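Student: from the sequence below, what's the structure:
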Amino acid sequence: EPNGDITHTADTLFRRAREEANAPTQRSLAAIFARWLPLAQKSAEGTSTEAEIAEDLTLVAAAAALPAAEPLDIWRKVAMVFDVTEPRHAGAAAALMQEARAALGIPATIRH
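Tutor: Numbers count the residues shown, from 1 in each chain. Below is the predicted model:
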């Protein structure tokens, strides 16, 4: 902050860093997505239990309720809603991933 109190700014930054470090990781979209993907894959294979299907749907609802903190979070949310393990959604998921990479400034992978 120009003309600001450096000590106050540093204290604020350290406080926020501690809060984020101590926040439960289950509440991040990345953590929710990591828990959801194996369940979705089992569902796509037809091997999931009723409890796993219920957990899958609960995780999708939790992800939808969280605000995106980074561009990749948008892809995670949409991928969960459209279920990237569903073959009919493969093209849409690939397009969303390409858009997320562009938003993050990650160069596209080279294809031969």
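
Student: measure the closest residue to Ala68 other than its chain neighbours to Ala51 for me?
Tutor: When the adjacent residues along the chain are set aside, Ala68 lies closest to Ile74, with 5.1 Å between them (C-beta to C-beta, 6 or more residues apart in numbering). C-beta: built from backbone N, CA, C; applies to glycine. Note on Ile74: its distance to Ala51, by C-beta to C-beta, to the nearest Å, is 29 Å.

Student: when those two are compared, which one has more neighbours?
Tutor: Ranked by neighbour count (other C-beta atoms under 10 Å), Ile74 and Ala51 place Ile74 first, with 15 against 9.

Student: for this structure, just list every one of the helices.
Tutor: Applying DSSP state H to the chain gives helices spanning 6-22, 29-45, 50-65, 71-82, 90-104.

Student: name the residues of the shortest one that are buried.
Tutor: Along helix 71-82, these residues count as buried under the neighbour rule (16 or more other C-beta atoms under 10 Å): Leu72, Asp73, Trp75, Arg76, Lys77, Val78, Ala79, Met80.

Student: helices and strands around it, which ones?
Tutor: Under the contact criterion of 3 or more C-beta pairs under 8 Å, 6 or more residues apart in numbering; DSSP states H and E, helix 71-82 touches helix 29-45, helix 50-65, helix 90-104.

Student: out of these, deepest packed?
Tutor: helix 29-45 (a mean of 17; mean count of other C-beta atoms under 10 Å).

Student: still on that earlier bit, the helices and strands packed on helix 71-82 into TSV, with extra columns for mean pLDDT?
Tutor: As requested, the helices and strands packed on helix 71-82 are arranged in TSV below (pLDDT from 0 to 100):
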stretch	mean pLDDT
helix 29-45	89
helix 50-65	87
helix 90-104	71
